[in-house]
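Q: Attaching a predicted model along with its sequence, questions to come.
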Amino acid sequence: MTSIQQTTADRIRERIAARIAQNQIRSILPAALSTVPAANAPVPAAPLAPIIAANVWAPSLTPELGPVMPLTMVTYVQATFWDNSEKPQTYRCENTGKIRKRKGPYHKLSLDFWTVPPDRIVKAYSGKAFTRNIQLRHPAQFEVAVLDKNLKSGKITDEYYREIRSILMTCDLNNDFIGVIIDRDTWSYHPHQFVHVRWSDDRPMVDLYVNGDRMTIDTFHNDDLSESQQEKCVRFVAQFYPKV
């Protein structure tokens, strides 16, 4: 055997010996250490980001914007029920002088919420954390003008739709009202936040639904309305302290 052939044979023997030694090492190592992933093996997916609730409340720069806070935070409520249905169906526009027809809902619910302890509320209208005027419609009108319309446009979700529908099924179609929480001067809905106005002894009772919780405002009265309030079509007012 020539020197060249001998050198080549030695290299082959060294490679075989190295492979045998490598296989022996792998056989005694734990599987997790000895297994080498294939080049095209799928990479494990990254952990999913935590799911955040749709309505995460934080104090707003203006109480006319944003969702209702968690009901457990509410310490004091002022509510007003308005009824404009007795007004003439037409009116004269102050800007043009033309006769116009009144449009839109005739009933409204105003809600003002505080989150500070009641003894820290110095003035009736100071420090509000939430205030909103809510348009009210009877169930059949609400279903067509708000619920079905906005489900079709995608402004409300299927889940929100089903939630309100479950309340509509319990309503008095001729007397009850439904209204949703939206930001002032916008049509930005806050999912899972709406009101159901029902009647007891000829007085309204308001069920406020916020993210699956419910608050019932049942202290409405009209025995001390001022003449100014009555002229503005205020029909009932309520001061309400949620039960702890």
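A: Arrived safely.
Q: Over to the residue nearest the centre of the chain: give its phi and psi.
A: Centroid-nearest residue in the chain: Pro191, 3.2 Å away (criterion: Cα atoms, centre = their mean). Main-chain torsions, Pro191, degrees, to the nearest 10: phi -60, psi 140.
Q: is it true that it touches Arg162?
A: No: counting by Cβ atoms under 8 Å, Pro191 stays clear of Arg162, with 11.8 Å between them. To be clear about C-beta, it is placed using only N, CA and C from the backbone, and glycine gets the same treatment.
Q: Next up, the contacts around Tyr160.
A: Tyr189, Pro191, His192 (Cβ atoms under 8 Å, 6 or more residues apart in numbering).
Q: again, only using 6 Å
A: Applying Cβ atoms under 6 Å, 6 or more residues apart in numbering, one finds that Tyr160 lies in contact with Pro191, His192.
Q: separation between it and His107?
A: Using Cβ to Cβ, to the nearest Å, we find Tyr160 at a distance of 22 Å from His107.
Q: Could you give the number of residues near the residue nearest to Val210 when sequence neighbours are not counted?
A: Distance criterion Cβ to Cβ, 6 or more residues apart in numbering; nearest residue to Val210, sequence neighbours excluded, is Val68 at 4.8 Å. Burial of Val68 is recorded as 26 neighbouring residues (other Cβ atoms under 10 Å).
Q: Can you read off the pLDDT for Val68?
A: Model confidence at Val68, expressed as pLDDT, equals 95.
Q: State whether it and Gln193 are indeed in contact, as I suppose.
A: Yes: the pair Val68 / Gln193 is scored as a contact, 5.3 Å apart, by Cβ atoms under 6 Å.
Q: one step back: the residue nearest to Val210 in helix, strand or coil?
A: coil (DSSP: H, G, I helix; E, B strand; the rest coil).
Q: same question, the one 10 residues further on
A: Applying three-state DSSP to Gln78 yields a three-state assignment of strand.
Q: tell me the phi and psi of Tyr120?
A: Actually, residue 120 is Arg rather than Tyr. According to degrees, to the nearest 10, Arg120 has phi -100, psi 0.
Q: Fine by me, we can end here.
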